[in-house]
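Q: With the sequence up front, the predicted model follows.
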Amino acid sequence: MKAEIVAIGSELVNGQKLDTNSQWLSRRLGDLGIPVHFVTAVGDDLGENVAVLRGAVERADLVLVGGGLGPTQDDLTREALAAVAGVPLVEDSGSLRAIAELFARRHRAMAERNRVQALLPRGSEPLPNRVGTAPGIWMRVGGAWVGCLPGVPNELKIMVDEQVVPRLRGLGWGGRVLVHRTINLFGKGESEIEAEALDLTARGRVPEVGITAHDATISFRIAAAGADEEEALRALEPTAALIYRRFGALIVGEGSEDVAEALVRGLAGARASLATAESCTGGLIAHRITAIAGVSPVYPGGIVSYAATAKTALLGVPPGLIEAHGVVSAEVAKAMAAGVRQRFDADIGLGVTGIAGPDGGSPETPIGLVYLGLATAEGTQTRRLELGPEQPRDVIQGRAAKHAMNWVRLSLLRTAGRNPDG
Ligand code: ATP
Ligand code: MG
């Protein structure tokens with residue numbers, strides 16, 4: 001069972017409009033357990049539409065076509081489908097009546113051009129459209145079923161749910177439920193993680209596991225099908241458990257959860273509070289933490305100390321220390337962490353100082369060099385990150401924030417490992 005999607009409209013191929021219908025259709029079919037193998041966008045050109053549709057009906061069992069059903073000259077889906085099927089267009093009296101009634105309800109005169117919307121390839125079935133003028137088309141062409149839908153996104157969605165899905169079920173398709181689970185990891189590169197997961201991501205594995213990367217967070221997406229949701233979720237479980245066993249501390253959460261959520265969970269679990277002192281990340285860590293609701297018990301606050309004078313005035317970093325080691329140094333990161341921990345009376349202080357570029361790099365402090373400082377009751381530690389120098393400023397800032405939060409998260413895990421009931 002293979003499905004294929006064709007999006008028709010010149011606005012979709014010339015960059016004016018994003019083809020959101022195809023994304024929606026792919027997901028909807030995916031949820032029904034029907035895999036989509038091709039998505040094609042093509043402009044309003046009869047010959048090209050015919051070529052794309054011909055290829056699609058040869059390859060797929062189901063072809064869903066969006067757009068080109070309007071009344072204007074550039075709406076060519078009807079003609080293209082008739083050409084591919086090798087049949088003439090004939091007027092469908094039921095569809096013509098439905099179009100006339102829609103205009104009557106809106107107290108508008110029906111233009112002669114709207115008549116063409118009632119033309120359907122001989123042997124096809126109209127798909128009633130209760131929200132727009134043009135009916136859709138349902139037709140068997142060669143070995144494939146073809147469903148043509150209007151391009152207007154809300155019309156397309158309604159017609160898929162009300163007209164296409166019941167027909168698919170009638171054909172015995174889409175009876176299975178497909179579910180997904182996404183497990184997110186941070187702290188290792190995509191290729192490194194993939195190398196440790198070749199058995200999971202192997203083609204043809206059931207359930208299927210995909211790997212993607214976004215903002216240095218690596219995600220495993222497990223997909224499984226079942227007769228109902230419960231059965232499908234059960235089928236996911238052993239694979240999820242395997243990922244948890246194998247990747248342990250690298251896992252930061254599921255779904256949309258990332259490092260910040262994992263850090264906040266870790267702080268709450270340890271009943272520990274964190275205060276942040278940020279230089280090159282400019283408050284990004286504070287922002288990511290406070291984007292999560294209910295963090296005030298574990299996050300009293302932070303300081304953005306961008307200039308050297310602010311580090312001294314607000315965090316008590318000695319001017320002599322800055323002069324001796326430079327503002328981007330392990331010593332300053334450490335002093336920032338200790339200073340903010342003390343000022344907020346927090347259990348943990350985090351300091352971040354680095355150079356995000358694009359200017360100001362030097363051989364000793366290249367762009368992307370970031371020092372982290374972590375202060376706890378047990379003392380202070382530092383870490384050096386090299387994130388650049390080829391990366392743009394926002395990427396360096398984002399990565400520095402993530403690595404810093406992840407470092408605190410891992411230190412909480414280590415502490416929890418030492419005092420299992422703490
Ligand atoms: P109708 O049959 O409802 O008259 P149509 O089938 O001819 O419409 P178009 O006129 O091509 O469809 O498109 C109608 C609207 O829907 C336009 O605003 C168009 O940009 C938008 N649209 C068409 N296809 C897509 C798509 N794949 N993704 C997002 N928007 C789309
Ligand atoms: Mg169009």
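A: Yes, it's here. Numbering: from 1, shown residues only. Ligands and ions are numbered 1, 2, ... in the order given.
Q: pLDDT wise, what is residue 422 at?
A: pLDDT for residue 422: 43.
Q: Likewise for residue 73?
A: Reading off the model, residue 73 has pLDDT 88.
Q: what about it, is that helix, strand or coil?
A: At residue 73 the chain is in coil, as set by DSSP: H, G, I helix; E, B strand; the rest coil.
Q: List the residues that contact the residue lying farthest from the centre of the chain.
A: Each residue of the chain has a distance to the centre, and by CA atoms, centre = their mean the biggest one is for residue 320: 47.0 Å. If a contact means CB atoms under 8 Å, 6 or more residues apart in numbering, then residue 320 has no contacts. Placement of C-beta: from N, CA and C, glycine included.
Q: if we go to 10 Å?
A: residue 312 (CB atoms under 10 Å, 6 or more residues apart in numbering).
Q: Check which helix or strand it maps to.
A: Residue 320 is part of helix 319-325 when elements are defined by DSSP states H and E.
Q: Then residue 332?
A: Per DSSP H and E: helix 330-343 holds residue 332.
Q: Helix or strand next in line after that helix, which one?
A: strand 348-354.
Q: In its sheet, which strands sit next to whichever helix or strand comes after that following strand, and in what direction?
A: Next in sequence after strand 348-354, counting helices and strands by DSSP H and E, comes strand 369-376. If you go by DSSP bridges, strand 369-376 pairs up with strand 348-354 (antiparallel), strand 379-386 (antiparallel).
Q: same question for the shortest one, mean pLDDT?
A: Model confidence over strand 348-354 averages 98 on the pLDDT scale.
Q: Determine the angle, from 0 to 180 degrees, between it and helix 330-343.
A: In terms of direction (axes from the mean of the first three to the mean of the last three CA atoms, to 10 degrees), strand 348-354 departs from helix 330-343 by 140 degrees.
Q: Please work out how many residues are found near the residue of the stretch 101-250 of the chain found nearest ligand 1.
A: Residue of the stretch 101-250 of the chain nearest ligand 1, by CB to the nearest ligand atom: residue 151 (2.6 Å). By other CB atoms under 10 Å, 24 other residues sit near residue 151.
Q: What does it show for phi and psi?
A: phi -80, psi -20 (degrees, to the nearest 10).
Q: Distance-wise, check it relative to residue 136.
A: Distance from residue 151 to residue 136, counting by CB to CB, to the nearest Å: 11 Å.
Q: Next: residue 123.
A: 15 Å.
Q: Show me which of the two is the more surrounded one.
A: Comparing residue 123 with residue 136 by other CB under 10 Å, the one with more neighbours is residue 136, at 28 against 13.
Q: how about the nearest residue to the residue in the chain that ligand 2 sits nearest to, chain neighbours excluded?
A: Proximity of the chain to ligand 2 (CB to the ion) peaks at residue 9, 3.9 Å away. Computed as CB to CB, 6 or more residues apart in numbering, the closest residue to residue 9 that is not its neighbour in sequence is residue 67, at 4.5 Å.
Q: Surely that neighbour touches residue 77?
A: Yes. Counting by CB atoms under 10 Å, residue 67 does reach residue 77; the two are 6.9 Å apart.
Q: anything in contact with each of these two?
A: 6, 8, 44, 49, 148-151.
Q: Please list the residues of the protein that sit near ligand 2.
A: 9, 67 (CB under 5 Å from the ion).
Q: The same query, at a cut-off of 8 Å, please.
A: 8-11, 44, 67-68, 70, 72, 74-75, 151 (CB under 8 Å from the ion).
Q: Now render these as JSON lines, adding distance to residue 98.
A: Formatted as JSON lines, the residues of the chain next to ligand 2 follow (distance: CB to CB, whole Å):
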{"residue": "8", "distance to residue 98": "22"}
{"residue": "9", "distance to residue 98": "24"}
{"residue": "10", "distance to residue 98": "28"}
{"residue": "11", "distance to residue 98": "27"}
{"residue": "44", "distance to residue 98": "25"}
{"residue": "67", "distance to residue 98": "20"}
{"residue": "68", "distance to residue 98": "19"}
{"residue": "70", "distance to residue 98": "16"}
{"residue": "72", "distance to residue 98": "19"}
{"residue": "74", "distance to residue 98": "23"}
{"residue": "75", "distance to residue 98": "17"}
{"residue": "151", "distance to residue 98": "19"}
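Q: ok, of the residues you listed, which come out buried?
A: Neighbour counting with 16 or more other CB atoms under 10 Å marks 8-10, 44, 67-68, 70, 75, 151 as buried within the residues of the chain next to ligand 2.
Q: And the residues you listed, which two are furthest apart?
A: The largest separation in those, counting by CB to CB, is between 10 and 70 at 12.6 Å.
Q: Could I get the buried residue list for the helix holding residue 332?
A: For helix 330-343, by 16+ other CB under 10 Å, it's 330-341, 343.
Q: Check stretch 83-98 too.
A: 83-85, 87, 89, 92, 95-96, 98.
Q: quick one: average confidence on it?
A: Stretch 83-98 comes out at a mean pLDDT of 95.
Q: Can you show me the CA trace of it as CSV?
A: Output of stretch 83-98 as CSV, limited to C-alpha atoms (Å, rounded to 0.1, in the frame of the first residue of the first chain):
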residue,chain,number,x,y,z
ALA,A,83,-6.6,12.8,-20.1
VAL,A,84,-4.7,10.4,-17.9
ALA,A,85,-7.8,8.1,-17.6
GLY,A,86,-8.4,8.4,-21.4
VAL,A,87,-12.0,9.4,-21.0
PRO,A,88,-14.0,12.5,-21.9
LEU,A,89,-15.4,15.1,-19.4
VAL,A,90,-19.1,14.9,-18.9
GLU,A,91,-21.4,17.2,-17.0
ASP,A,92,-22.6,15.7,-13.7
SER,A,93,-26.2,16.9,-13.2
GLY,A,94,-26.1,16.3,-9.4
SER,A,95,-22.9,18.4,-9.0
LEU,A,96,-24.3,21.2,-11.2
ARG,A,97,-27.4,21.3,-9.1
ALA,A,98,-25.3,21.5,-5.9
